[in-house]
Structures are given as C-alpha cells and as structure tokens.
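> Give the three-dimensional model of this entry:
(2 chains)
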Amino acid sequence: MSQHSEPALDIRNLRTEFRIGGRWYPAVRDLSLTLAPNETLAIVGESGSGKSVTALSILQLLPQAGARIGAGEIRFEGRDLTTLSDREMSDVRGNSIAMIFQEPMTSLNPTMTIGEQIAEAIIIHRSVPNAEAMKEALRLLNEMKIPSAASRLYDYPHHFSGGMRQRVMIAMALACRPKVLLADEPTTALDVTIQAQVLLQLDELKKAYGMGVLFITHNLGVVAQIADRVAVMYAGEVVETADVVSLFNEPVHPYTVALMKAMPRSDMNHAGLEPIPGAGPAMTAMPPGCAFAPRCHLRQPQCETARPELLSLRGSDHLVRCPVQLEGSKA
Amino acid sequence: MTPVGSGALQVANLSKTFTIGGGLFGPPANLVRAVNDVSFSIPSGGSLGLVGESGCGKSTVSRMVMRLTEPDAGSVTFDGVNLLSARGAALRQMRRRVQIIFQDPYSSLNPRRTIRQTLEEPLHVHKFGSRRDIAEKAENALTEVGLSKDVIDRYPHEFSGGQRQRIGIARALVLDPDLIVADEPVSALDVSVQAQVLRLLEGLRERRGLSFLFVSHDLGVIRHFCDHLVVMYLGRIIEEGPTAQVLDHPMHPYTGLLRDSSPVPDPKMRLALMRIVGEIPSPAAPPPGCHFHPRCSRAEGLCLTQPPALAAMPGERHLACYHPLPAKMRHTPMDIVGVSSQHDPTKSERLA
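Next up, the predicted model:
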C-alpha cells in the first residue's frame, strides 16, 4: 500500500532521548515508519516500549527540558517536522496532524460546554465566525452519531459517558480534517461494547476522510480488528512489521510470537498460557546486542553482542529484527 | 451444584442500594440499585468468574462478599457460617479465611511500609505465633509468589507493577485463606506480565486447593481461569453456566454482544458489528423490564415491562431472557449479517 502512493507521514531513523542523571538515553531508537493515506498503522508494544513517545515526538509534545529528538527526520507534506519552529509546529498540530488520547475523562475541559470546546478548535484553526463554528460542531457530533446532538451541544462533559466523551474527542480531532490522526490507546479506558463502537467508527471515518491513522495500543486483539499494517515495538525499536494478515498468520520475531502466546483468548480453549520470562530492559541499561535476547529462548551467542538489523523476510514487506529466525526461515 | 468442603461459598439474594446526591447543596437524592437479587455459589476449589461492564455491580458483589460493603439484603455463607451475621471471634476467623487481591498494584500497598511490615501485619493481627514464626511465614509467602526473600525489607516503589501484584498476592496468602476474591487482578498489567501472574494464580489454586471469586471485564482472562461464569448487567445476573459453554454458545443477547465485542487476535475474525449498540444506561435510572431491552434487537412485548427471572436451563446453565438466541445463531455473531473480513459497513447497517 505504502509504495504506490506518497506517504502521509514518513519517519526516518527517529531517535528520541531522555536525560537521566546527566546522560542522554534513547527511548526510541532508529525508528523508521511510513504511514500511507487511508491506512491504519498499529504500533503495538508493552509499557516502556516507546510507542507513546513516538507519537509525542511526531507532534513535538515532549517535555521541553530533559527530552530531545537526538536524530532522524519526520517528513510530512515535504517538510521535516523536527526542524520547524514552535509557531510553524503549532500550525501543524491539530490542523494537519491531530491526536486523541487515552483518557476521555481528563482530556476535556469540565468548565466548557461540549459545543464550545469543539467550536474553539475550529475558530482557532480556521478563523471562522462563532455561529459557523457551532454549526460545524453540530455536524461533527452528528457524524459521530451522538444522539440528539443539537441539544447535547450545550451539555458539559460530566453529562457524557466515557464512550461519548471519547467520541467528542474524536470529533474535535477531526474538526480540521487532518491528514494524519495519532490515536494513543483511544479505547483502553472504555468498556468492550463501547470500544467496538468506537473502533468501527474510527475505521469508517478513516475511509471517509482518507486519513492516515497511527493507532497505538498494547492490545493485540484491537490490532487485529482495526489495523492494515502493524509495527511491533520492543525496548524503543521496531522488532517486526508487516501487513496485519501476514503478521498474525506468520509471526516471526520471538517477541511477537511470545506476545501472542501470552494473550488469553475468549474464543477458544487453550492448553496453557506461556508467559514471557523476566521483564523488558530499562532505558538506562539497554543490552549491547538484541534487546530481547535476555528473555529469548532462541538466543545465540552473537545475539548478545551484535545489535540485529530490521531485514526482509524472503524479500517481502515483512521486516523482522532477528537474524536467528530469518536464517531459519530460509531453510 | 451443592457446595461441599471448606472453601465453599454461597451467595443468596444479595442486594445493595446506594444513595447518590441529596445533601444540602447537592442534586436531589436518587437511589441506585447497584446489586439486585444476586445469587451464586462456588464449590470448594472452584473458580467463578464475574463479568460485566462498568456499573454492572460486579465489584460491589465482590466487596460485599468481603463485607467491605455491607449488603442491604441477602446472605453470604462461607463454609456453613453466615458471614453477614458473624460477630467477634467467629468473624475474625472468617476474615482470615477469605482474602482479597485488588486491581491496582500501585495504590493497594502502603508506600511507607516495607514488604515485611505489609506481609507480617495480618499475622500479628491474627496472633499467628511467635515473632520468628511470623517472619518465616512472611518469607515463605514471598518465595511462593516467585520473589526472592532478600527483597523483603524493600519498599513498594522499588518494584515493578507485576512484582507489586505478586506482593499483593503474597499478602493475601500469608493467612492461608480458603477463598480468594480477586477484583480485576491482572487488568493493570502488561500482557506478558499478566500471563505470569495468571500462571502464578493457577499454580496456587492447584497447590493449595483455593477457591476463587474472580472479577474481570476481560473474557479471555476469565475463559482461561474460571470454570464457571456469571454475567451481570446493571445489577442483575442475566446468564450463568460453565465458562466455555456460555462463551461458545451464549443464550442471552447481551452475553452474545459482550463476546462479539471482545477483540480476538485474528484479523480473519474481524467483525462487522452493528453500527450503534447504544450506551450502557445509568444504573441510577435503569430501563424498566429487562434492563437490556433498549440495546436488544430481540426485545418485544414482555421485555419492555416485566424483568425476566433467572431460570434454570439444561447443562447447569441459568438464563434471564424471554427471547434467547437460537442455537444455530449462537455460533456466529448475533445481530450481524455475517463475519466479514472486508469490514464492509453496508453489511452492518441492519440495526442502525
């Protein structure tokens, strides 16, 4: 998909670092990803894998002190976002790249009505009159299928349930018809039936707007439901990336395989879960070789010394950062 | 299902009503029936899963079993003793035998106490024995959950989420309980750590013959851990039965919806869910009749006025529904015109 059209977002060798005890440590290491228009790319990983930091790096929402983009480019509409000034960046933010967060309870302003909040975003970015912005807010709420939207425009966030607040957040994010939507665990705080609604709605909106959606989640089930392509992150780097069907049919990296075996499924009985032994490495104590090697049952001596590269599996778009498995798949 | 043995729990007709609002400046007082006539039993060594969405009353039920919340009506019988009327020494004895594991490993441990203090306190309260016995007991509990006893003098902030949850489990174990109430014990953990903790709980269940009341919203975890499943919706039990049977062949439309909304890690199983299945109504103003009827495509007639009673069905199952899903439909997603890998929106418009 990504080869045929100009990517909506192109991240090249991104390295985001945090300062801990006077030294800079990378939280995201040499990350390269492309996102095509009308595509959902899911980034899946556990806590500390760098998936949220990636999203914050794209929008340059990292804390001013103690965090920096150490290397790499984030190409969007012919520009490198990492070189833009604050003013140029705030023009991009919300306008062409929008973001929705995990917590629908805390990301809305409790002292403003729903309509005012959506309209505010529209007025700031498009400088239209108030009445017109409210009309647009109503259209967006209707598009998000909020029941009796016309009267709910004047409700406050506490009148809304969690699922409706998240839909309001999505409506605000879509107010300026962004080219790229960053969704950081948007359904994690929601009940499953509401999660299913929001996921379906996001998918329809992606098609309607032709957006590229970068969907960050820890839940492989959600990935399988919504993604076109998947990137699995571990310890700040992509360890495997492929289209969703290939990844679930033939997971190759030992971490991806282990993650799938560790997830209990609701639709079938399973002999037993296989937990991944140990825990992920700390940012300050990254092993010199493969980051997953200390927990890996396929570990070879060279895994502990040389950092593996992300290479193609049998010449396909399926990329894997594991020489041991790639060697095995050739045979 | 007649519970026998030492860890058997019987919950009968449990109800709880909370008052919200009222007060001098607050909104008018309103009654919320959080739990409405809930009955179930867990045999000794059994594990029962309680599932449902926010506000269905599952946590309130688990807290009432522990008497952390006092029920308005009903009874909780553990090993033949009514926990709700027990007083003094008898109640203390029962408290020892029923322990709880909480959801959030970050807020459920006292940050100012070392792991040793946390683990030893219940033993001191229950006058377990000499200082040395108590120290040994605490160390054993810690090794049983897979942590080294060298870490016993550390503070909670020195541990990761998964390790803290292990400490929470060790605290529940030091008193050698017979029943463990686990309120979402793994939902705050990462998948790989979640599997480790589930494995640990499984091992404990086998080794110690513990009974479990397991509260969760994650059907995958429930399917893995529990033999018996109870599904709640807005304070009432709507379906129960052996876990695999209920999940593979749900009879209540809500169970079907819950099952079909739970994402499965397989892109070929992508569901074209109905476009809008409606919000969960507020427990303060539940719809009349069957609470689920506004979201149910099968609702008609009696559903709108008269709540269905929980009735016994073949195969140890119970169901509260006038129009259960037909057997042939139970295998495929309900209300959905078909499983579509294309995610074709037109197919799913039926219910809209």
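> avg pLDDT for stretch A:37-57?
Mean per-residue pLDDT for stretch A:37-57: 93.
> Tell me the span between the first and last residue of that stretch.
End-to-end distance for stretch A:37-57: 20 Å, by Cα to Cα, to the nearest Å.
> Whether that stretch contacts chain B - can you check?
Yes. Residues of stretch A:37-57 contacting chain B under Cβ under 8 Å from any Cβ of the partner chain: A:46-47. From N, CA and C alone the C-beta is placed, and that goes for glycine too.
> Name the residues of that stretch that are buried.
By neighbour count on 16 or more other Cβ atoms under 10 Å in any protein chain shown, the buried set for stretch A:37-57 is A:37-46, A:48-57.
> Next: stretch A:257-272.
For stretch A:257-272, the neighbour count (16+ other Cβ under 10 Å) marks A:257-267 as buried.
> coming back round to it: in helices, which of the buried residues of stretch A:37-57 fall?
Among the buried residues of stretch A:37-57, the members falling in helices (DSSP state H) are A:51-57.
> with those in mind, which one is nearest to chain B?
Nearest to chain B out of these is residue A:51 (Cβ to the nearest Cβ; 11.9 Å).
> How about the residues of the stretch 101-250 of chain B by chain A?
Residues of the stretch 101-250 of chain B lying near chain A by Cβ under 8 Å from any Cβ: B:160-162, B:190-196, B:198-199, B:217-225, B:244, B:247.
> Now, those residues that are in helices?
Mapping those onto helices (DSSP H) picks out B:161-162, B:191-196, B:198-199, B:219-225, B:244, B:247.
> Any of the residues you listed buried? List them.
Buried by 16+ other Cβ under 10 Å: B:161-162, B:191-196, B:198-199, B:219-225, B:247, out of these.
> picking up where we left off before, which one of the ones in helices among the buried residues of stretch A:37-57 sits closest to residue A:324?
Closest approach to residue A:324 among these (Cβ to Cβ): residue A:51, at 24.5 Å.
> if I read this right, residue A:8 contacts residue A:35, doesn't it?
Yes. Judged on Cβ atoms under 8 Å, residue A:8 makes contact with residue A:35 at a distance of 5.2 Å.
> Determine the three-state secondary structure at residue B:105.
Classification of residue B:105 by DSSP: H, G, I helix; E, B strand; the rest coil places it in coil.
> just checking, it touches residue B:170?
No. If you go by Cβ under 8 Å, residue B:105 and residue B:170 don't touch, sitting 11.7 Å apart.
> the strands in the chain, which residues?
Just going to use chain A. Under the criterion DSSP state E, strands of chain A are mapped to A:9-20, A:23-35, A:39-44, A:67-76, A:79-80, A:97-100, A:180-184, A:212-217, A:229-234, A:237-243, A:311-312, A:319-320.
> I was thinking of chain B, sorry if that wasn't clear
Using DSSP E, the strands of chain B run over B:9-20, B:30-42, B:47-51, B:73-78, B:81-82, B:98-101, B:179-183, B:211-215, B:228-233, B:236-242, B:311-313, B:317-319.
> Columns mean neighbour count on top of the ones you listed, output as CSV?
Below are the strands of chain B laid out as CSV (neighbours: other Cβ atoms under 10 Å in any protein chain shown):
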stretch, mean neighbour count
strand B:9-20, 18
strand B:30-42, 20
strand B:47-51, 26
strand B:73-78, 18
strand B:81-82, 14
strand B:98-101, 23
strand B:179-183, 24
strand B:211-215, 26
strand B:228-233, 26
strand B:236-242, 24
strand B:311-313, 11
strand B:317-319, 20
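> Can I get those in a markdown table including distance to residue A:205 and mean pLDDT?
As requested, those are exported to a markdown table (distance: least, Cβ to Cβ, whole Å; pLDDT from 0 to 100):
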| stretch | distance to residue A:205 | mean pLDDT |
| --- | --- | --- |
| strand B:9-20 | 35 | 92 |
| strand B:30-42 | 35 | 91 |
| strand B:47-51 | 30 | 95 |
| strand B:73-78 | 46 | 93 |
| strand B:81-82 | 55 | 90 |
| strand B:98-101 | 40 | 94 |
| strand B:179-183 | 36 | 94 |
| strand B:211-215 | 34 | 95 |
| strand B:228-233 | 29 | 95 |
| strand B:236-242 | 33 | 96 |
| strand B:311-313 | 41 | 93 |
| strand B:317-319 | 37 | 95 |
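> got the ones you listed as CSV, with distance to residue A:211 columns?
Below are the strands of chain B laid out as CSV (distance: least, Cβ to Cβ, whole Å):
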stretch, distance to residue A:211
strand B:9-20, 40
strand B:30-42, 40
strand B:47-51, 34
strand B:73-78, 52
strand B:81-82, 59
strand B:98-101, 42
strand B:179-183, 39
strand B:211-215, 38
strand B:228-233, 35
strand B:236-242, 39
strand B:311-313, 47
strand B:317-319, 43
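> Tell me which residue in chain B sits closest to chain A.
Closest point on chain B to chain A, by Cβ to the nearest Cβ, is residue B:263, at 3.1 Å.
> Hmm, that residue is touching residue A:222, no?
Yes. Using Cβ under 8 Å, residue B:263 is in contact with residue A:222, at 5.0 Å.
> Compare neighbour counts for the two and give me the winner.
The neighbour comparison of residue B:263 against residue A:222 (other Cβ atoms under 10 Å in any protein chain shown) goes to residue B:263, with 26 against 22.
> ok, residue A:312 - contacts?
A:318-319 (Cβ atoms under 8 Å, 6 or more residues apart in numbering or on different chains).
> if I pick residue A:228, what's in contact with it?
Shown in contact with residue A:228 (Cβ under 8 Å, 6+ apart): A:1, A:39-41, A:243-244.
> how about those residues in JSON lines, adding distance to residue A:118?
Formatted as JSON lines, the contacts of residue A:228 follow (distance: Cβ to Cβ, whole Å):
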{"residue": "A:1", "distance to residue A:118": "31"}
{"residue": "A:39", "distance to residue A:118": "26"}
{"residue": "A:40", "distance to residue A:118": "24"}
{"residue": "A:41", "distance to residue A:118": "26"}
{"residue": "A:243", "distance to residue A:118": "35"}
{"residue": "A:244", "distance to residue A:118": "32"}
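> Let me know the closest of those residues to chain B.
Distances from chain B to the contacts of residue A:228, taken by Cβ to the nearest Cβ, are shortest for residue A:244, at 4.7 Å.
> Quick one: residues contacting that closest one.
Residues in contact with residue A:244 (Cβ under 8 Å, 6+ apart) are A:42, A:223-224, A:227-230, B:267.
> Max pairwise distance over those: which two?
Greatest spacing in these, by Cβ to Cβ: A:224 and A:229 (12.3 Å).
> on that earlier part again, how about the buried residues of stretch A:257-272 in CSV, adding distance to residue A:129?
Below are the buried residues of stretch A:257-272 laid out as CSV (distance: Cβ to Cβ, whole Å):
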residue, distance to residue A:129
A:257, 56
A:258, 56
A:259, 51
A:260, 53
A:261, 57
A:262, 54
A:263, 51
A:264, 53
A:265, 52
A:266, 50
A:267, 52
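> Just the ones in helices from those, please.
A:257-261.
> Flag the shaky bits of the stretch 201-331 of chain A, pLDDT-wise.
A:271, A:331 (pLDDT under 70).
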